[in-house]
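[1] fold the following and give me the result.
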Amino acid sequence: MGKYFGTDGFRGEANIDLTFEHAIKIGRFLGWYFGENQKKKAKVVIGKDTRRSSYMFEYALCTGLMASGADAYIMHVTTTPSVAYITRVDDFDCGIMISASHNPYYDNGIKVLNCNGEKMEEDVLLKIEAYLDGKIVLPVAQRAEIGKTVDYVAGRNRYIGYLISHSKFSFKGIKVGLDAANGAAWSIAKGVFDALGAKTYVISAEPDGFNINADCGSTHIGHLQDFVRENGLDVGFAYDGDADRCLAVDENGNVITGDHILYIYGLYMKERGKLLNNTVVTTVMSNFGLYKAFDKAGIRYEKTKVGDKYVYERMVEGGHRIGGEQSGHIIFSKYATTGDGILTSLKLMEVMLAKGKRLSELAAPVVFYPQVLKNVHVKSKPEAQNDPDVQATVRSVEKELGDEGRILVRESGTEPVIRVMVEAGSNENCEKYVDRVIDVIREKGHIEP
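    Sure, this is the predicted structure:
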């Protein structure tokens, strides 16, 4: 990761960590870079979520792009996966999504996508950072070379049509609840389900610039659970601010996580001979119960670091068709280059209708193991993580757990914290093993006083 761009773009509090000057410069560099490399006017497509600051960043990016001679195509409020899709199919040089995903309204972020709708290559991001730090000087466009903006709401409509085209079944007679998180899905998801015949009930679809992810959406799913139970709905789906995540709620109001979704659709693909390499890609944070269910179903799995970026990279490297995170980032590589919350919900509906089963039945084989996760503030993450006595203790716990649990000790990517997580047959055992490792970290003097 670079100085500004992490695994999911340049993110921070608006006009404190990520400023409008940053946005202008990012636009300036991208407009110049793609124009210079191709010796023609660059075309860049931009989408945003519903945060108040997204409008400021949209105009700032457009200003930078036009000053460097590029044309900026504006999709307005839309989802991250829609920008990825349109960047790829409409031959844009790159795409930009303005969003901080599941973060509160006062944060924002700039995600940059390459012409294939994938996260931008690291070498290009490092060049952007060099320009942000004043190490590169760029010319400005003049006269007829100055760029323009183009209203491109048609791109969003094309994406909606693309989603609708994926359904093999009518949803007529099915009562579906949607939690749009007061975010980017609010103007898209209901129309898709309505077009497919569902009786659609929607909550958290009144964005005001400040209520995105506020006690709603996939990170606060309790309201959707209550909504499904109280209204007797067949299923519910919750998205995050930019709708690249989806969690579900079954007919009883129980949460269906990303792990459940990976199992349900992975098994469905295997049964139809569509699961290439018989493999599903997960991250190290998936629950041990998922792996036990995969083992029983005869499905192989691979694990990556936390982050949908790493999941997608592994999928591309191995030629795998499905992967994702427990948080609801699910990637169907045949159809998308990023997690797509609305597509994920349509795929779950497909399995329900194809098998004639309720979501609770489909998810039943995945029995989650109890989990305890504790964060330890340390002086140095690498020193604590690599301490020989800490590693020896971890190996000892692994041996005691055997095939009935697991331990994961990893560094936080954003805080001075070591995360110690254990999954086992009981909460008591989880607590015991987590505390054993933390005690050694403390005894060796790694914990911040």
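[2] point out where this structure drops to low pLDDT.
    Within the chain, the ranges that satisfy pLDDT under 70 run 1, 413-414.
[3] how is the protein partitioned into domains?
    5-155, 166-363, 371-443 (automatic domain parsing).
[4] can you add distance to P449 and mean neighbour count and give these back as a markdown table?
    For the C-beta atoms, the positions are set from N, CA and C on the backbone; glycine is no exception. As requested, the domains of the chain are arranged in a markdown table below (distance: least, CB to CB, whole Å; neighbours: other CB atoms under 10 Å):
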| stretch | distance to P449 | mean neighbour count |
| --- | --- | --- |
| domain 5-155 | 28 | 21 |
| domain 166-363 | 28 | 21 |
| domain 371-443 | 9 | 16 |
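[5] pretty sure N277 contacts I322?
    No. Taking CB atoms under 8 Å as the definition, N277 is not a contact partner of I322, at 10.5 Å.
[6] joint contacts of these two?
    Listed as contacting both N277 and I322 by CB atoms under 8 Å, 6 or more residues apart in numbering is no residue at all.
[7] and the strand or helix carrying I46, what does it pack onto?
    In this assignment (DSSP states H and E), I46 forms part of strand 43-48. Here strand 43-48 touches helix 20-38, helix 52-67, strand 71-77, helix 80-89, strand 94-98, going by 3 or more CB pairs under 8 Å, 6 or more residues apart in numbering; DSSP states H and E.
[8] export the first one as CSV, just CAs?
    Included here for helix 20-38 are C-alpha records, laid out as CSV according to Å, rounded to 0.1, in the frame of the first residue of the first chain:
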residue,chain,number,x,y,z
PHE,A,20,-10.8,18.8,-2.4
GLU,A,21,-7.3,19.8,-3.4
HIS,A,22,-6.4,16.1,-3.4
ALA,A,23,-9.4,15.4,-5.7
ILE,A,24,-8.4,18.2,-8.2
LYS,A,25,-4.9,16.8,-8.4
ILE,A,26,-6.1,13.2,-8.8
GLY,A,27,-8.2,14.4,-11.7
ARG,A,28,-5.3,16.4,-13.1
PHE,A,29,-3.0,13.4,-13.1
LEU,A,30,-5.5,10.9,-14.5
GLY,A,31,-6.6,13.3,-17.3
TRP,A,32,-3.0,13.9,-18.3
TYR,A,33,-1.7,10.4,-17.8
PHE,A,34,-4.3,8.7,-20.0
GLY,A,35,-4.2,11.4,-22.6
GLU,A,36,-0.4,11.4,-22.8
ASN,A,37,-0.2,7.6,-23.0
GLN,A,38,-2.7,7.3,-25.8
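[9] list the helices and strands it packs on?
    The contact analysis (3+ CB pairs under 8 Å, 6+ apart) places helix 20-38 against strand 43-48, helix 52-67, strand 94-98, strand 107-113, helix 122-132.
[10] residues touching it, excluding its own?
    Applying CB under 8 Å, 6+ apart, the set of residues contacting helix 20-38 from outside is 4, 10, 41-42, 44, 56-57, 60-70, 72, 93-94, 96, 110, 112, 124, 127-128, 131-132, 136, 138-139, 141, 147.
[11] distance check, the residue nearest to K309 when sequence neighbours are not counted against N375.
    Using CB to CB, 6 or more residues apart in numbering and skipping the chain neighbours, the partner closest in space to K309 is T7 (4.8 Å). Taking CB to CB, to the nearest Å as the measure, T7 falls 19 Å from N375.
[12] thinking again about what came up before, so the residue nearest to K309 sits right up against E313, yeah?
    No. Assessed by CB under 8 Å, T7 is found out of contact with E313, at 10.6 Å.
[13] contacts only, for V140.
    Counted by CB under 8 Å, 6+ apart, V140 has contacts 67-68.
[14] doesn't it fall inside a helix?
    No. V140: not assigned to a helix; according to DSSP: H, G, I helix; E, B strand; the rest coil it is coil.
[15] could you measure from it over to V124?
    Per CB to CB, V140 is found 21 Å from V124.
[16] please apply the same query to L132.
    According to CB to CB, L132 and V124 sit 13 Å apart.
[17] cool, and T257?
    Distance from T257 to V124, counting by CB to CB: 34 Å.
[18] for P207, what are its contacts?
    50, 77, 182-183, 186.
[19] ok but it is inside a strand, no?
    No. Read with three-state DSSP, P207 is coil and lies in no strand.
[20] tell me the secondary structure at the nearest residue to it once chain neighbours are set aside.
    Nearest residue to P207 in three dimensions, chain neighbours excluded: T50, at 3.7 Å (CB to CB, 6+ apart). Here T50 takes the coil state, with states given by three-state DSSP.
[21] any chance of the backbone angles for T50?
    Dihedral pair for T50: phi -100, psi 10, per degrees, to the nearest 10.
[22] in this model G209 seems to touch it, though I could be wrong.
    Yes. Using CB under 8 Å, T50 is in contact with G209, at 6.5 Å.
[23] hang on, the earlier thing: L262 is nearest to which of the helices and strands packed on strand 43-48?
    When the helices and strands packed on strand 43-48 are compared by CB to CB, helix 80-89 sits nearest L262, at 17.5 Å.
[24] which elements pack onto the closest one?
    Right, helix 80-89 is packed against strand 43-48, strand 71-77, strand 94-98, strand 107-113, helix 153-165, helix 341-355 by 3+ CB pairs under 8 Å, 6+ apart.
[25] OK, contacts around the nearest residue to G155 once chain neighbours are set aside?
    Leaving aside its sequence neighbours, G155 sits nearest to I86 (CB to CB, 6+ apart; 4.2 Å). I86 makes contacts with 45, 75, 92, 95, 152, 155-156, 158-159, as judged by CB under 8 Å, 6+ apart.
[26] any chance of the residues you listed in JSON lines, with distance to L18 too?
    Formatted as JSON lines, those follow (distance: CB to CB, whole Å):
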{"residue": "V45", "distance to L18": "20"}
{"residue": "M75", "distance to L18": "20"}
{"residue": "F92", "distance to L18": "23"}
{"residue": "G95", "distance to L18": "18"}
{"residue": "Y152", "distance to L18": "24"}
{"residue": "G155", "distance to L18": "25"}
{"residue": "R156", "distance to L18": "24"}
{"residue": "R158", "distance to L18": "29"}
{"residue": "Y159", "distance to L18": "26"}
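[27] endpoint to endpoint, stretch 400-408 covers what distance?
    14 Å (CA to CA, to the nearest Å).
[28] hang on, I meant stretch 178-197
    This stretch, stretch 178-197, spans 14 Å end to end (CA to CA).
[29] i'd like the first residue to be 592 from this point on
    Understood, numbering begins at 592; the last thing we discussed is stretch 769-788.
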